[in-house]
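# All I have is the shape, not the residue letters:
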């Protein structure tokens with residue numbers, strides 16, 4: 001890790017839950033993932049431009065499958081624990097991303113809940129197939145090789161629940 005001396009590394013280890021050292025990629029990923037939640041003044045200072053693109057006709061996640069994933073995520077958290085954790089789904093025209101969400105554990109990090117990516121379900125309309133991806137330690141999605149693409153999103157949700165390799169829930 002460049003730019004961090006031995007003393008800083010030791011301090012980082014001893015303050016594991018209070019100090020986090022990010023490299024440029026970590027910072028950029030965090031800003032891009034949370035850009036819509038940042039204040040208007042802060043966003044105005046960022047050298048970023050939102051780009052809109054057209055989605056090809058038919059390149060949309062089937063609503064029935066999206067509803068099934070939403071329901072699955074909602075049921076992952078019993079009502080009595082919803083103030084401690086929840087599972088959320090972000091949707092784009094071609095994929096559904098599943099997050100484990102936790103409330104702030106310290107006043108130092110602000111009021112926003114922490115969102116950790118768990119899995120991504122990618123949809124290919126031409127084949128009517130879903131593909132499962134897992135998030136690595138850098139929150140980059142990798143193809144989950146223990147299942148083949150399938151037309152049944154429920155099969156992939158069952159694989160996430162079973163988590164035989166420990167890559168989804170740990």
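Happy to help now that I have it. Computed from a predicted structure; not experimentally measured.
# how many other residues sit next to the closest residue to residue 121 other than its chain neighbours?
Closest residue in space to residue 121, ignoring its immediate chain neighbours: residue 96 at 4.6 Å, by CB to CB, 6 or more residues apart in numbering. Heads up, the C-betas are built off the backbone N, CA and C, glycines and all. Counted by other CB atoms under 10 Å, the residues lying close to residue 96 total 23.
# mind checking how far residue 88 is from residue 116?
In this view, residue 88 and residue 116 are 10 Å apart by CB to CB, to the nearest Å.
# low-confidence ranges in this structure?
1-4, 12, 16-26, 28-30, 32-34, 49-59 (pLDDT under 70).
# Repeat the analysis, applying 80 as the threshold.
Scanning the chain for pLDDT under 80 picks out the ranges 1-6, 8-40, 42-44, 46-59, 107, 109-110.
# Between residue 88 and residue 116, which has more neighbouring residues?
The residue with more neighbours, out of residue 88 and residue 116, is residue 88; 17 against 12, by other CB under 10 Å.
# which residues touch that one?
Neighbouring residues of residue 88 by CB atoms under 8 Å, 6 or more residues apart in numbering: 73, 98-99, 101, 115.
# Kindly indicate which of these lies nearest residue 147.
Nearest to residue 147 among these, counting by CB to CB, is residue 98 at 15.0 Å.
# Just read off the phi/psi values of the closest one.
With angles defined as degrees, to the nearest 10, residue 98 sits at phi -100, psi 130.
# Residue 114 bridge partners, please.
Following DSSP bridges, residue 114 is listed with bridge partners residue 102.
# Quick one: neighbours of residue 41, just the number.
Around residue 41 there are 7 residues (other CB under 10 Å).
# Quick check: what element follows the helix or strand hosting it along the chain?
Using DSSP states H and E, residue 41 sits in helix 40-45. Downstream of helix 40-45, the first helix or strand assigned by DSSP H and E is helix 63-75.
# same for that next one, what does it pack against?
strand 86-92, strand 95-102, helix 153-162 (3 or more CB pairs under 8 Å, 6 or more residues apart in numbering; DSSP states H and E).
# circling back to that earlier point, name only those of the contacts of residue 88 that count as buried.
73, 98-99, 101, 115 (16 or more other CB atoms under 10 Å).
# Can you work out which residues contact both of residue 88 and residue 116?
Shared contacts of residue 88 and residue 116 (CB under 8 Å, 6+ apart): 99, 101.
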